[in-house]
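K.L.:
just a sequence and a predicted model for now, questions to come.
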Amino acid sequence: MSYFQVIAGQVIGSDHMNTAIDQGVIPFVDVASRDAALPAPNDGMLCYLTSTKQHQRYIAGLGWQPLVPVATIQSAPAQSGTNSSGSWVTMRTLTVAADPVVRLADVISSASLDGTHTEPWEFAILVDGTLSGSMQRCWPGSPGTPGTRFIIPANTPRVVTLSCRRYSGTGSYTWNADNNYWSLIVTTRRNA
């Protein structure tokens, strides 16, 4: 049954009431009370959990999902390394896990060369080995802030890296795991 409105004098049957329930936001104290009351929810049903102050909707095949986007933030583990070439070398790596829902990813990074180098370096975000978003050229002591935004298809992991390469000159660049000037943060938002 589709959306309906009651007209004066109309007889309201159980099918009408069940449709009306599916059209509203049903409050429950918690997940247990919701699941007890709705053992077989219909696709698209909405509820509100008063204990967590969270709206949810039921999606067939996925179950109850938050109604508003949920953000997941990952930060890259510490790594050390050296690059003395004009080729991209990975400085930080994050694997964004597969998810059954399409997500939008925002990547933020920051990088700063120390003052001991005289040649410029380039920093970039690579997604699955391909340049994504902005690339920054940095002189010694200056910050680089490459970043990107991309779609993560459902059930598909992505490997995101902060990488560097020498732009010109002949020097090398070494970074340490405990150097606080390097970061790579990926925030993904899923709107189920």
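P.N.:
Done, it's in. Computed from a predicted model, the values in this text were never measured in an experiment.
K.L.:
bridging residues for the closest residue to M45 other than its chain neighbours?
P.N.:
For M45, ignoring the flanking residues on the chain, the nearest one in space by C-beta to C-beta, 6 or more residues apart in numbering is Y58 at 4.4 Å. (Each C-beta comes from the backbone N, C-alpha and C, glycine too.) For Y58, the beta-bridge partners are W64 (DSSP bridges).
K.L.:
and Y58, how many neighbours?
P.N.:
20 (other C-beta atoms under 10 Å).
K.L.:
helix or strand right after the helix or strand of the chain with the lowest mean pLDDT?
P.N.:
Lowest by mean pLDDT, DSSP states H and E among the helices and strands of the chain is strand 143-144, with a mean of 61. Moving toward the C-terminus from strand 143-144, the next helix or strand (DSSP states H and E) is strand 147-152.
K.L.:
could you list the alpha-carbon positions for that next one in CSV?
P.N.:
Output of strand 147-152 as CSV, limited to C-alpha atoms (Å, rounded to 0.1, in the frame of the first residue of the first chain):
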residue,chain,number,x,y,z
GLY,A,147,44.8,16.3,-0.1
THR,A,148,42.1,14.6,-2.1
ARG,A,149,38.5,13.5,-2.1
PHE,A,150,37.3,10.3,-3.8
ILE,A,151,34.5,7.8,-3.9
ILE,A,152,35.0,4.3,-2.4
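K.L.:
what helices and strands are in contact with that strand?
P.N.:
strand 103-112, strand 121-127, strand 130-138 (3 or more C-beta pairs under 8 Å, 6 or more residues apart in numbering; DSSP states H and E).
K.L.:
in that strand, what's buried?
P.N.:
For strand 147-152, a neighbour-count test (16 or more other C-beta atoms under 10 Å) marks G147, T148, F150, I152 as buried.
K.L.:
no further queries at this time; thank you.
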